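Undergrad: Sequence first, then the predicted structure, then my questions.
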Amino acid sequence: MADDSAPAGKNAGASTLTVRDNRTGQEYDVPILDGAVLGADLGKIKTAEDQPGLSVYDPGFVNTASCRSAITFIDGDEGILEYRGYPIEQLAEKSNYLEVAYLLIHGDLPTKEQYDAWEHQITFHTFVHENVKGLMQGFRYDAHPMGMLLASVGALSTFYPESRNIADANVRQMQVVRLIAKMPTLGAWAFRHAQGKPYVYPDNDLGYAANFLSMLFKMSEQKFEADERLIKALEVLFILHADHEQNCSTNAVRSVGSSQVDPYSCVAAGIGALFGPLHGGANEAVLKMLRRIGSVDNIPDFINGVKDGQERLMGFGHRVYKNYDPRAKIIKKACDDVFEVTGVNPLLKIALELEKIALEDEYFVKRKLYPNVDFYSGLIYEALSFPPEMFTVLFAIPRTSGWLAQWLELVDDKEQKIARPKQIYTGDRGLDYVSSSERWA
Ligand code: CMC
């Protein structure tokens, strides 16, 4: 910002904002960089030197950038999503999850040697310490798998105390590999736990998604071999969920990471945020909603209830996308491939009709509410035999690579500070304490 005494116009130009503070009559030229003004610059606008500066009140960070990032690009109006510049449609069609994870973490697609080394490393680290198994076995029979995942990922920090040394790039990379490698193991074990079935160890002859399916569904057979079309569908779902710039859970990872804690604690925070029904828990909520609607005939009543504000149409709407979520388009197509193997999920008919009606209804059109990534993903997960409680786990596993890419970027970013938002205090001041014996007399 121009210094406080600088008259407006001194720095005036295409890249400044002129602000007049009507409390003082003072005008300020505030520099605009990358379409943003610095919060710290606004803080220099004061009514007097000893008074607090102007701040921005922005619950939910609706219009506040918290970082610079070169990982994921979204144009919500156009429905564009790119990882490191590559369109999501091309990655979903031509790549696989491990390659996409490499792209997010390292910034570039791997050479053959880099890919082979990466795949080998991830595969090598899929096993977890037996005590982690003991920890997971200690949960109640009906523990939600997200709670188990959160706790076990947090616990990993105690198995790798060196992970606290986040200043060392090699240490950081080691934890990145461990986390990406172990998430499917922990997720699958949380699933087996709920079913009362023995935990299945990783099969390192299998690829990332195929090994996950083996740990989920293998029983007494020597080798679990999933249908290739289902493996491909899971890879696509993993790619679509790998990153989504500064969403609630990524913000949680970055916020916790800004205290310079180890990455296991950061990812555990991300898992907690993802668990919520407005974030990763939405696909579970979509299925429950579809089941409750029950039949196409009940859709008009349900839509009226949504418009009256009684509830939300889950799987619709997005903070960023004011157009069709590009991931939802890809998932809708993947439904066909999966249903070819598993048979059609009867709830699909309700979902398709719901989408058709909502997209024509003025309430949704006016608010630019379109299907998001969660609208169809639950139908696929159900067809793959996952209970709804597992849906968010299936989101957390691939999102781990995005969280870690964001965490690595944060650690290297010299502009970052410990996250510490301001508040606007609305409570009492300066009250005199009255002892409990007097208050309760
Ligand atoms: N059904 C009905 N009305 C809605 C919905 C919905 N799903 N979403 C938003 N609205 C309305 C909302 O009531 C408000 O209307 P009005 O202006 O009359 O008050 C308007 O649209 C703006 O909504 P908002 O809550 O201010 O928007 P937001 O950006 O804060 O919320 C959202 C985004 C995703 C939380 C919200 O759209 C929502 O709750 N959707 C349902 C849950 C869901 O599907 N979540 C998954 C998000 S995608 C996965 C991810 O990336 O995490």
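TA: Noted; the coordinates are in hand.

Undergrad: What score does the residue nearest to V296 when sequence neighbours are not counted have for pLDDT?
TA: Of all residues not flanking V296 in the chain, E353 sits nearest, at 4.9 Å (Cβ to Cβ, 6 or more residues apart in numbering). Bear in mind the C-beta positions are built from the backbone N, C-alpha and C, glycine included. The confidence metric pLDDT takes the value 95 at E353.

Undergrad: neighbours of E353, just the number please.
TA: E353 has 15 neighbours, counted by other Cβ atoms under 10 Å.

Undergrad: now it: how far from G315?
TA: The spacing between E353 and G315, counted by Cβ to Cβ, to the nearest Å, is 14 Å.

Undergrad: any weak-confidence spans in the stretch 101-250 of the chain?
TA: Applying pLDDT under 70 to the stretch 101-250 of the chain flags no residue at all.

Undergrad: can you map out the helices along it?
TA: 112-124, 130-137, 145-159, 169-195, 208-217, 228-240, 248-257 (DSSP state H, counting those that start in this stretch).

Undergrad: Just want the angle from the third one to helix 169-195.
TA: Comparing the axes of helix 145-159 and helix 169-195 via axes from the mean of the first three to the mean of the last three Cα atoms, to 10 degrees yields an angle of 140 degrees.

Undergrad: Up against the ligand, what does the chain have?
TA: Within the chain, the residues that sit near the ligand (Cβ under 6 Å from any ligand atom) are 244, 247, 278-280, 282, 306, 312-319, 367, 369, 372-374.

Undergrad: what about the strands in this structure?
TA: Here the chain has its strands, by DSSP state E, at 16-21, 26-31, 72-75, 80-83, 86-87.

Undergrad: so which of the ones you listed is the most packed in?
TA: Comparing the strands of the chain by mean neighbour count (mean count of other Cβ atoms under 10 Å), strand 80-83 comes out on top with a mean of 21.

Undergrad: Neighbouring strands - and their directions - for it?
TA: Under the criterion DSSP bridges, strand 80-83 sits next to strand 72-75 (antiparallel), strand 86-87 (antiparallel) in its sheet.

Undergrad: could those strands be laid out in TSV, adding mean pLDDT?
TA: Formatted as TSV, those follow (pLDDT from 0 to 100):
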stretch	mean pLDDT
strand 72-75	96
strand 86-87	98
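
Undergrad: Can you lay out those strands as JSON lines showing distance to I166?
TA: Listed next are the strands paired with strand 80-83 as JSON lines, based on distance: least, Cβ to Cβ, whole Å:
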{"stretch": "strand 72-75", "distance to I166": "22"}
{"stretch": "strand 86-87", "distance to I166": "28"}
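
Undergrad: nearest to F391, of those strands?
TA: F391 lies closest, by Cβ to Cβ, to one member of the strands paired with strand 80-83: strand 72-75, at 21.9 Å.

Undergrad: Next up, the contacts around whichever residue of the chain sits closest to the ligand.
TA: Of all residues in the chain, G317 sits closest to the ligand, at 2.4 Å by Cβ to the nearest ligand atom. Going by Cβ atoms under 8 Å, 6 or more residues apart in numbering, G317 touches 367, 369-370, 372.

Undergrad: What's the ChimeraX line that selects buried ones from those residues?
TA: To isolate the buried subset of the contacts of G317 in ChimeraX, counting by 16 or more other Cβ atoms under 10 Å, use the following:
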select :369,370,372
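
Undergrad: For R84, see how far away the residue most central in space within the chain is.
TA: By Cα atoms, centre = their mean, the chain has its centre lying nearest to S249, at 4.6 Å. Note on S249: its distance to R84, by Cβ to Cβ, is 20 Å.

Undergrad: Next, format the helices of the stretch 101-250 of the chain as JSON lines and append distance to Q423.
TA: Formatted as JSON lines, the helices of the stretch 101-250 of the chain follow (distance: least, Cβ to Cβ, whole Å):
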{"stretch": "helix 112-124", "distance to Q423": "42"}
{"stretch": "helix 130-137", "distance to Q423": "37"}
{"stretch": "helix 145-159", "distance to Q423": "27"}
{"stretch": "helix 169-195", "distance to Q423": "32"}
{"stretch": "helix 208-217", "distance to Q423": "42"}
{"stretch": "helix 228-240", "distance to Q423": "36"}
{"stretch": "helix 248-257", "distance to Q423": "15"}
